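[1] The following comprises the amino acid sequence and a computationally predicted model.
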Amino acid sequence: MLCPACKNPMIVLELEQVEIDYCTGCEGIWLDSGELELLLENTKERKELLESFKEDVSSKERSYDCPICGKRMSKIFVGNQNRVLIDKCRKDHGIWFDKGELKSVIENASKNREHKVINHLKQMFEHKLTSNKNGGDK
């Protein structure tokens, strides 16, 4: 699958038994439909997160094409506080998260500050966080 943002090939990584598509170029993440819900630990958090999705029709941020159907995705605000703007396929093929957005969405949705997925994301991409702090290229 090609990255909707930079068109580089994406690699498949496993995160809590959910396969995610990760772009090594721009560090974005694609989740197929239903996978975001699988990453949240309890039913109430899942329901609240899904109910928080609100389309932003006035967004000036660049929209991407869905890597599955090729159609332009919608800009969606996620969360009631600390909202994050993501891209969602209009045909429900999945959701695109620019660098760091998935972590922000899960942190905002989870009441558990020691959330397993957040810790896994930190471990998976720790080298990126460290190189950024030390003046790395990305």
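    Received, thanks. Numbering: from 1, shown residues only.
[2] can you tell me the helix or strand for residue 57?
    If you go by DSSP states H and E, residue 57 is not part of any helix or strand.
[3] ok, so what distance separates it from residue 8?
    The gap separating residue 57 from residue 8 is 29 Å, by Cβ to Cβ, to the nearest Å. Just so you know, the C-beta spots here come from the backbone N, C-alpha and C atoms, and that holds for glycine as well.
[4] Comparing the two, which residue is more hemmed in?
    Legend: neighbour count by other Cβ atoms under 10 Å for residue 57 and residue 8, higher for residue 8 (13 against 7).
[5] Phi, psi for residue 104 please.
    Backbone dihedrals for residue 104, given as degrees, to the nearest 10, come out at phi -60, psi -40.
[6] er, residue 23 I mean
    As for residue 23, its main-chain torsions (degrees, to the nearest 10) stand at phi -100, psi 120.
[7] Residue 31 now?
    Note on residue 31: backbone dihedrals following degrees, to the nearest 10 are phi -120, psi 130.
[8] The residue nearest to it when sequence neighbours are not counted: which element?
    Leaving aside its sequence neighbours, residue 31 sits nearest to residue 95 (Cβ to Cβ, 6 or more residues apart in numbering; 5.1 Å). In the assignment (DSSP H and E), residue 95 maps to strand 94-97.
[9] From the contact counts, what lies against that strand?
    Judged by 3 or more Cβ pairs under 8 Å, 6 or more residues apart in numbering; DSSP states H and E, the packing partners of strand 94-97 are strand 29-32, strand 84-88.
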